[in-house]
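> pasting a predicted model and its sequence here:
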2 protein chains.
Amino acid sequence: MQEFSRSLPMMLYRSLDAVMPRFRRIFGEFGLTEQQWRVLRVLWQHDEIAFRELADLTLIPAPSLVGIVDRLTTSGLAERRRSATDRRHVYVHATAKGKALEAKVRPRVDQAYDELRSSVDAGTWDSLMSGLEQISSIDDEPRD
Amino acid sequence: MQEFSRSLPMMLYRSLDAVMPRFRRIFGEFGLTEQQWRVLRVLWQHDEIAFRELADLTLIPAPSLVGIVDRLTTSGLAERRRSATDRRHVYVHATAKGKALEAKVRPRVDQAYDELRSSVDAGTWDSLMSGLEQISSIDDEPRD
DNA sequence: TATTAATAATTAACATATTAACTAAATCCC
DNA sequence: GGGATTTAGTTAATATGTTAATTATTAATA
């Protein structure tokens, strides 16, 4: 590993540090954390979604998601529902209040995202995304 | 923002999720957390380093770094030193025990890193790094 | 020089990540 | 059908991220 500060993990962390603050500022204006936004962002496109799938789509580990959904519930933005057929399964959905938030927050976030994207030329953006796609498809535990 | 799951932030998080577990497993074998590793990794190349610079090089926010250095000190791997000329400044260095760890951990981590790098073709890797370089150089607060 | 302003590290309060253990519920299987 | 096994969500314990407030110290300045 040549330069530690130029290693892939450090470059990924540095990129997030450069990119996320502008979004977090917007989330904060609406009393949302980054993870709460991610959950809502997914809930907005599903009438109802299985807990496990919500964890997968938001990239939030299940134990963390429990608390996040708890706080969204306390805020009146989301709710849980236990499956009647298999009481182990939990489904989550946005409340009317949670759904109403989309019209206010998304335009702001989408605009910030467009500005971000336009700050890099299209070719660089595409090859970056392509590279990230390949990295993220690498198997965690290398088979033998 | 087209596909949420294909947005830059999510791609970055997904990439980290794909890449970091293999390293964390190694860190864990030596009783180290990821952040403790990052701090040691930097301390190994500085006889002594200013607290603020340590925070910058590890990308660890100062308030978090306080606790991390505390725990490294408790483990006997690092130590603090207050500047005599300006007692507000703190310097950190690795102990003999902390330095000795490098010979054991680094080879393992370096090998894992080489394996990771070789799992992607060189051209993709380079354009990925170049893209991350550009993203991470974007200014947090856009000037007007 | 006493006062005020600026700095560097730390603490505080809250939310989240990570790993392991646990509980409840459903499925297997003899 | 009842005990062993598996599965889904949750709890627990510890470490870290995030933002704001605080403390200690130094620099600035009237």
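Alright, I've got the coordinates. Since the model is a prediction, treat every value here as computed from it, not as a measurement.
> quick check, the residue in chain A closest to DNA strand C?
The minimum distance from chain A to DNA strand C, using C-beta to the nearest atom of the strand, falls at A:Ser64 (2.8 Å). No exception for glycine: its C-beta is placed from N, CA and C like everyone else's.
> on the three-state scheme, the closest residue to A:Ser137 other than its chain neighbours is what?
Spatial nearest neighbour of A:Ser137, excluding adjacent residues (C-beta to C-beta, 6 or more residues apart in numbering or on different chains): B:Ala18 at 7.2 Å. Of the three states, B:Ala18 takes helix under DSSP: H, G, I helix; E, B strand; the rest coil.
> how near is B:Ala18 to DNA strand D?
Distance, B:Ala18 to DNA strand D, using C-beta to the nearest atom of the strand, to the nearest Å: 19 Å.
> now A:Phe23
A:Phe23 sits at a distance of 9 Å from DNA strand D (criterion: C-beta to the nearest atom of the strand).
> my guess is that residue contacts A:Gln35. True?
No: with contact defined as C-beta atoms under 8 Å, A:Phe23 does not count as touching A:Gln35 (12.0 Å).
> sorry, back to before: gap between the residue of chain A closest to DNA strand C and A:Asp70?
Between A:Ser64 and A:Asp70 the distance, using C-beta to C-beta, to the nearest Å, works out to 11 Å.
> neighbours around the residue of chain A closest to DNA strand C, how many?
A:Ser64: 12 surrounding residues under other C-beta atoms under 10 Å in any protein chain shown.
> one more: the one 10 residues further on?
A:Thr74 is surrounded by 9 other residues when neighbours are defined as other C-beta under 10 Å.
> distance of it from A:Leu54?
Per C-beta to C-beta, A:Thr74 is found 17 Å from A:Leu54.
> what does A:Arg25 give?
Note on A:Arg25: its distance to A:Leu54, by C-beta to C-beta, is 25 Å.
> so for the two, which sits in the more crowded spot?
Between A:Arg25 and A:Leu54, A:Leu54 has the larger neighbour count (other C-beta under 10 Å), namely 23 against 13.
> list of residues touching stretch A:80-99?
Outside of stretch A:80-99, the residues within contact range by C-beta atoms under 8 Å, 6 or more residues apart in numbering or on different chains are A:39-40, A:43-44, A:46-51, A:54, A:69, A:72-73, A:76-79.
> next up, the contacts around the spatially closest residue to A:Asp17 that is not a sequence neighbour.
What sits nearest to A:Asp17 in space, not counting adjacent residues and going by C-beta to C-beta, 6+ apart, is B:Leu59, at 6.3 Å. Shown in contact with B:Leu59 (C-beta under 8 Å, 6+ apart): A:Met10, A:Tyr13, A:Arg14, A:Asp17, B:Arg38.
> for DNA strand D, state which of those is nearest.
Checking the contacts of B:Leu59 against DNA strand D by C-beta to the nearest atom of the strand gives A:Asp17 as the nearest, at 7.0 Å.
> for PyMOL, what selects the buried ones among the contacts of B:Leu59?
Listed next is the PyMOL selection for buried residues among the contacts of B:Leu59, using 16 or more other C-beta atoms under 10 Å in any protein chain shown:
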select buried, (chain A and resi 10+13+14) or (chain B and resi 38)
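> which two among the contacts of B:Leu59 are spaced furthest apart?
Greatest spacing in the contacts of B:Leu59, by C-beta to C-beta: A:Asp17 and B:Arg38 (13.5 Å).
> measure A:Ala50 to A:Ala94 for me?
For A:Ala50, the distance to A:Ala94 - C-beta to C-beta - is 15 Å.
> brain fart, A:Arg38
Taking C-beta to C-beta, one finds A:Arg38 at 13 Å from A:Ala94.
> before we move on, what about A:Pro61?
21 Å.
> what's the answer for A:Glu48, then?
A:Glu48 sits 9 Å away from A:Ala94, going by C-beta to C-beta.
> same deal with A:Met129?
A:Met129 sits 28 Å away from A:Ala94, going by C-beta to C-beta.
> what lies in contact with stretch A:105-116?
Here stretch A:105-116 has contacts from A:19, A:22-23, A:26-27, A:29-30, A:32, A:37, A:40, A:44, B:1, B:7-8, B:138, B:142, using C-beta under 8 Å, 6+ apart.
> then stretch A:13-21?
Residues contacting stretch A:13-21 (C-beta under 8 Å, 6+ apart): A:34, A:116, B:8-9, B:12-13, B:16, B:59, B:132, B:135-138, B:140-141.
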